[in-house]
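>>> predicted structure and sequence below. I'll ask about it afterward.
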Amino acid sequence: MVYPKHIALIPDWNRTRAKEKWFHQMVWHMEWSKTVTAIIRYLFTNTDVEVFTVWWLSTENMKKRTPEELDYLFDLYKTFNEGLFTFMAQNQINFRRVWSAQWLPQHLLDFLYERMDTLKFDNNKYVVLAINYGWRDELLRWVNKRLDQTGWKTPLDEDTLSDYLDFAWLPPIEFVIRTKWELAKRLSGFMLWWIGYAQLYFTATKCPDFREEELKKALERFDSVADKRNFGK
């Protein structure tokens, strides 16, 4: 079976699903954390996937969620995910992040930086957390870095641009999974530079019901068309 080297997951309808099942939103966030952990365990135990990126919180989420919900989410990253970090340490999986540090509390930044230092191994296996991430925000940060460092004096090419982006140190995304597409299929501005040749997989399954069986279906779809890509040749 052919597996993508790099998978990105865009989860959707966490809170709507919570309302449908009469769960409190905070409880459903915990359920989604369990699902993500199970996905990571499966990928790095049963497949050849090297990098898994999950978009956990967008810049738009940061602006629209209540302070209470955001505080809960930040604490959830620090507590529940300890089990995940233990699994990653045992299997020597690197932990990285893509983000804007703006609006993130210092205690969360300190925690994530510490985990990045602890989970650093000499291999190609990565779990990447996209938190407070948005493509427009990333592009603005790239422009500002460029202005600060060179003032646009040096000609641009693809490699030069890539060096300034959040994902410069990782392989391009080959497979994007987006949950819930009942009304429209959207990518919501996720890593647009890095998904130009990625397969896109949209499922009507809502979070956190995207579990192992649904993941297997997605991977089977990738395998069925993996050898048909020609990258414009």
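Received, thanks.
>>> middle-most residue in this protein, spatially?
The centroid of the chain falls nearest to Val54 when counting by Cα atoms, centre = their mean (2.2 Å).
>>> where does that one fall, secondary structure wise?
Taking DSSP states H and E as the criterion, Val54 maps to strand 51-58.
>>> would you mark the buried spots in that strand?
51-58 (16 or more other Cβ atoms under 10 Å). All C-beta atoms are positioned from the backbone trio N, CA, C, and that covers glycine.
>>> check stretch 55-73 too.
55-59, 61-62, 65, 70, 73.
>>> and that stretch, end to end?
Its start and end residues considered, stretch 55-73 measures 13 Å (Cα to Cα, to the nearest Å).
>>> how about the helices in this structure?
For the chain, the helices defined by DSSP state H cover 14-20, 25-46, 59-64, 67-79, 82-90, 106-118, 135-149, 158-163, 212-225.
>>> possible to save those helices as CSV with mean pLDDT?
CSV is the format used below for those (pLDDT from 0 to 100):
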stretch, mean pLDDT
helix 14-20, 52
helix 25-46, 82
helix 59-64, 74
helix 67-79, 78
helix 82-90, 88
helix 106-118, 90
helix 135-149, 69
helix 158-163, 67
helix 212-225, 93
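>>> ok, back up a step: now, which of the buried residues of strand 51-58 sits nearest Ala226?
Using Cβ to Cβ, Val51 comes nearest to Ala226 of the buried residues of strand 51-58, at 16.3 Å.
>>> number of nearby residues for the residue lying closest to that closest one once chain neighbours are set aside?
In space, and not counting its chain neighbours, Val51 is closest to His6: 4.1 Å by Cβ to Cβ, 6 or more residues apart in numbering. His6: 23 surrounding residues under other Cβ atoms under 10 Å.
>>> correct me, but His6 touches Pro172?
Yes: counting by Cβ atoms under 8 Å, His6 does reach Pro172; the two are 6.7 Å apart.
>>> rounded mean pLDDT for stretch 3-12, please.
Regarding stretch 3-12, the rounded mean pLDDT is 90.
>>> and it, what's buried?
Across stretch 3-12, burial judged by 16+ other Cβ under 10 Å covers 3-4, 6-12.
>>> just to revisit the earlier point, with distance to Val143 and pLDDT added, can I get the buried residues of strand 51-58 in JSON lines?
Below are these laid out as JSON lines (distance: Cβ to Cβ, whole Å; pLDDT from 0 to 100):
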{"residue": "Val51", "distance to Val143": "26", "pLDDT": "96"}
{"residue": "Phe52", "distance to Val143": "29", "pLDDT": "96"}
{"residue": "Thr53", "distance to Val143": "23", "pLDDT": "93"}
{"residue": "Val54", "distance to Val143": "26", "pLDDT": "89"}
{"residue": "Trp55", "distance to Val143": "22", "pLDDT": "82"}
{"residue": "Trp56", "distance to Val143": "25", "pLDDT": "77"}
{"residue": "Leu57", "distance to Val143": "23", "pLDDT": "77"}
{"residue": "Ser58", "distance to Val143": "19", "pLDDT": "74"}
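>>> TSV for those residues, including distance to Asp110?
Converted to TSV, these look like this (distance: Cβ to Cβ, whole Å):
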residue	distance to Asp110
Val51	25
Phe52	24
Thr53	22
Val54	21
Trp55	22
Trp56	18
Leu57	17
Ser58	22
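>>> can you give me the buried ones in stretch 190-199?
Residues 190-191, 193-195, 198-199 are the ones in stretch 190-199 that count as buried (16+ other Cβ under 10 Å).
>>> nearest to Arg178, of these?
Phe190 (8.5 Å).
>>> between the helices of the chain, which gets nearest to Arg97?
Nearest to Arg97 among the helices of the chain is helix 106-118; the distance by Cβ to Cβ comes to 5.8 Å.
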